[in-house]
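Asker: Curious how this folds, go ahead:
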Amino acid sequence: FPYTTLFRSVFLTYGVKPINRDGTDPNDASDIGTLEYETSFDPTSESAQRHIWETCQLAKLELTTRRDEVFCPLSGLTAFYKALKANNGTFMMPGDASQCAMFPTIDQTKCENCVAMFGADANRVAQCLFAPSPTSSTMMSVNSTTSGNNSTTTTMMMSTSSSTTPSPSSAMITAECENDDVAEEEEEEEEEVFEPIPSDEFIDVLREFTKNYQFVTGAAGVGLGGENQLTNNAANMVRWRSDTQELVAMIIMVNTTLPRFVPEASARPLYDAWEDFVAERIESGPDSLKSLMQVTSSGLWVQMETEAVLAESALFGTLISLVLAFVVMLLSTMNILIAIYAILAVVFIVVSFIAITVAIGWTLGIIESICITIIVGLSVDFVLHLAHSYVETSEGTRYERVSMAILDVGISVFSAAITTLGAGLLLLFTTVLFFVKFGLFVFLTIATSFVFAFGFFVAVLLVVGPVGDQGSITALVRRCYKDDDEDDVY
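Answerer: Numbers count the residues shown, from 1 in each chain. Predicted structure coming up:
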C-alpha cells in the first residue's frame, strides 16, 4: 500500500475473550453484548513474559507492519525494574550528575547529559533517560500533580500518535532532550534486550511501571473505565480492573501500512494473515496465554465483513428477485418464450445499472446493496406491460403485434417513465446522501428500463417473437386435453 498518514493499527490483546452476544437484541444498536475476561490469563511466569516479548518482535516481521512502530507493553520494563532495584524500590531520577552513579544500569554519559540539561526537573530527566528513539512515533508527555501538602509528585505517560508527524509539544521536548552526541547514540541504538522480571515481583513492578509511564493521574487512573468497556488506547497497553486492581489484559499495538479505506478483496488476505499469526502464537505459547486475539482501529475487519455480507446479500436478493420476476411474467403472459425474452431484458437492465454505478465511482455499501436488491422489481414493469400486450394481440404478424402493443400501452409506459424520472431528478438536488443516491438509482433504473423495453425487448419480438401458439402454455394444455379426449373415444 502507498504511504499515508491515515493508517490503521492492529491490537494484539491478551486476557480478553470475544464479546459475549448471547441474548442480545439485533435490533438494538446499543445492546452490544458483555465484555468477558479470560480467567486463565497469567503473564507472571518468565516463560509467559518471554512469549509476549517474542510476539512483539515477530509482529514486526508481518507484511503490513511498520517495523519501528510496534509498541510492546513490556518495552522499557526491564530498565525500569533495574532502576527500581538500584534505588531500593523507589521510583526517582537523579537530581545532579553525581547521583548518576546510583543507577549503574543506565548509560552514565547519557545520564550526565540529561541531568546537565534539565537539572532537578525529575520529569524531564526521566523522559530523557527512558524515552524511545525519536525516529519512532512514540512520544513522551509529562505532567505534574500537586498533593494536598503542596509536595510535587511526578508522573509520566507514554502516548503514541496516530500519525508519523509528532505534535509541536513532543518535538519541543525531544529537541530539549537531545544534544548532538545523544542524538547520534540513539540513531545507532541496538534492539532492546528484554530480561524477565521474577514472577513474584512482576505484578507489583508492572503496576508501578504502568502508573509512572502510562497514566497521568497515577493509581486512581488505573482501570478499564467500566465493567463492560474496553477501548484500545495507545496510551494504555496494560489494563487493570477499576474495582479490584487486578491485571486483566495486555495489548501490543502494531501500526500498519493499511490505509483507512481497504476493499474487502484486499483486506481479506491480510485478516487471514493476522489470524494465522495469532493462531501460531496461541499454539506455541503457555496455557496462561491462550486468550490472544487481534482487532483493528476504526473497525477495518468489521468493515470487511460488512462489505462481504452486503455483496452476498445483494447477489442473493437479485437472484431471488429474478426467479420471482420470471414466474410472475410466465403466469402473466402464459408464454414461455415471452417470459424468457422479458427476463433477459431485465438481466441486461440490472447489469447496465451496476456497470454505470461502478463507472461513476460508487462503492458497495448499505444503500447500494439495497438498490441492487430492489432494482429487479422496478425494472420489470415496462417490459411486462409490453409483453402482456403482445400476447393479448393474438392475430397477425410479428410486426403487426409489436405495433399494436406499442399503440396500446406505449403512451402509458412513456408517461410513467417521464413522471418517475422527474421524481428521481428532484431527489438529486437534496442534501441528504441517502436521498441523492436513491434519486440517482431511480433515475438510472427507469432510464435503462425504458431503453431496454423499447429497444432490446421490442427488437427481439420483431425478430424472434412467438407467432400463433408458439411458446403458449395455454395452447399446450389444450392440446394435451384434446389428445386425452381422442384417446377416450377410440
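Asker: Which strands or helices does the helix or strand encompassing residue 403 pack on?
Answerer: For residue 403, the host element (DSSP states H and E) is helix 398-427. For helix 398-427, the elements it packs on are helix 366-392, helix 433-451, helix 458-464, judged by 3 or more C-beta pairs under 8 Å, 6 or more residues apart in numbering; DSSP states H and E. From N, CA and C alone the C-beta is placed, and that goes for glycine too.
Asker: now it, how far from the chain's geometric center?
Answerer: From the chain centre to the centre of helix 398-427 is a distance of 45 Å (C-alpha atoms, centre = their mean, to the nearest Å).
Asker: what do you get for stretch 58-77?
Answerer: 21 Å.
Asker: So what would you say the end-to-end distance of it is?
Answerer: Its start and end residues considered, stretch 58-77 measures 19 Å (C-alpha to C-alpha, to the nearest Å).
Asker: can you check stretch 358-369 too?
Answerer: Start-to-end, stretch 358-369 (C-alpha to C-alpha) is 13 Å.
Asker: neighbouring contacts of it?
Answerer: With C-beta atoms under 8 Å, 6 or more residues apart in numbering as the test, stretch 358-369 has contacts from 263, 307, 310-311, 313-314, 357, 433-434, 437-438.
Asker: buried ones in it?
Answerer: Under the neighbour-count criterion of 16 or more other C-beta atoms under 10 Å, stretch 358-369 has 362, 364, 367-369 buried.
Asker: Out of these, which is nearest to residue 293?
Answerer: residue 364 (27.3 Å; C-beta to C-beta).
Asker: Which secondary structure state is assigned to that closest one?
Answerer: Following DSSP: H, G, I helix; E, B strand; the rest coil, residue 364 is assigned to coil.
Asker: ok so, going back, could you give the average pLDDT over the helix holding residue 403?
Answerer: Helix 398-427 carries an average pLDDT of 92.
Asker: What angle do helix 366-392 and that helix make with each other?
Answerer: Counting by axes from the mean of the first three to the mean of the last three C-alpha atoms, to 10 degrees, helix 398-427 lies at 150 degrees to helix 366-392.
Asker: rewinding a little: what subset of the contacts of stretch 358-369 is buried?
Answerer: 307, 310-311, 314, 357, 437-438.
Asker: For residue 425, which residues are in contact?
Answerer: 439, 443.
Asker: try residue 400
Answerer: Residue 400 sits next to residue 393 when contact means C-beta under 8 Å, 6+ apart.
Asker: and if we set it to 6 Å?
Answerer: Contact partners of residue 400, counting by C-beta atoms under 6 Å, 6 or more residues apart in numbering, are absent.
Asker: Ok, residue 46 next?
Answerer: Taking C-beta under 6 Å, 6+ apart, we find residue 46 in contact with residue 196.
Asker: and if we set it to 8 Å?
Answerer: Counting by C-beta under 8 Å, 6+ apart, residue 46 has contacts 196, 198-199.
Asker: swap in residue 455?
Answerer: No contacts exist for residue 455 under C-beta under 8 Å, 6+ apart.
Asker: In TSV, list the buried ones among the contacts of stretch 358-369 along with secondary structure and pLDDT.
Answerer: As requested, the buried ones among the contacts of stretch 358-369 are exported to TSV (DSSP: H, G, I helix; E, B strand; the rest coil; pLDDT from 0 to 100):
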residue	secondary structure	pLDDT
307	helix	86
310	helix	87
311	helix	87
314	helix	88
357	helix	91
437	helix	91
438	helix	92
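Asker: From the residues you listed, pick the one nearest residue 471.
Answerer: residue 314 (31.8 Å).
Asker: Contacts only, for residue 12.
Answerer: 55, 59, 251-252, 254, 278, 292-294.
Asker: Mind checking what secondary structure it has?
Answerer: Going by three-state DSSP: residue 12 is strand.
Asker: Would you quantify the distance from it to residue 407?
Answerer: Taking C-beta to C-beta, to the nearest Å as the measure, residue 12 falls 71 Å from residue 407.
Asker: Then residue 466?
Answerer: Separation of residue 466 from residue 407 (C-beta to C-beta) stands at 19 Å.
Asker: Nearest the geometric middle of this protein, what residue?
Answerer: residue 300 (1.5 Å; C-alpha atoms, centre = their mean).
Asker: Columns distance to residue 64 and pLDDT on top of the buried residues of stretch 358-369, output as a markdown table?
Answerer: A markdown table is the format used below for the buried residues of stretch 358-369 (distance: C-beta to C-beta, whole Å; pLDDT from 0 to 100):
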| residue | distance to residue 64 | pLDDT |
| --- | --- | --- |
| 362 | 27 | 86 |
| 364 | 23 | 79 |
| 367 | 30 | 85 |
| 368 | 27 | 87 |
| 369 | 28 | 86 |
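Asker: From the buried ones among the contacts of stretch 358-369, pick the one nearest residue 23.
Answerer: For those, the nearest to residue 23 is residue 310 (26.1 Å; C-beta to C-beta).
Asker: Look up the closest residue to that closest one, ignoring the ones flanking it.
Answerer: In this structure, residue 310 finds its nearest non-sequential neighbour in residue 369, 4.1 Å apart by C-beta to C-beta, 6 or more residues apart in numbering.
Asker: Report the separation between that neighbour and residue 375.
Answerer: When residue 369 is compared with residue 375 (using C-beta to C-beta), they lie 11 Å apart.
Asker: for this protein, which spans come out with low pLDDT?
Answerer: Applying pLDDT under 70 to the chain flags residues 1-7, 86-99, 102-106, 119-192, 212-236, 482-490.
Asker: Grab the longest strand from it for me.
Answerer: The longest strand of the chain (DSSP state E) is strand 247-259.
Asker: same for the next helix or strand after that strand, what does it pack against?
Answerer: Tracing the chain past strand 247-259, the next element assigned as helix or strand by DSSP H and E is helix 264-284. Counting contacts by 3+ C-beta pairs under 8 Å, 6+ apart, helix 264-284 is packed against helix 46-59, strand 293-296, helix 300-333.
Asker: Please consider this matter closed, and thank you.
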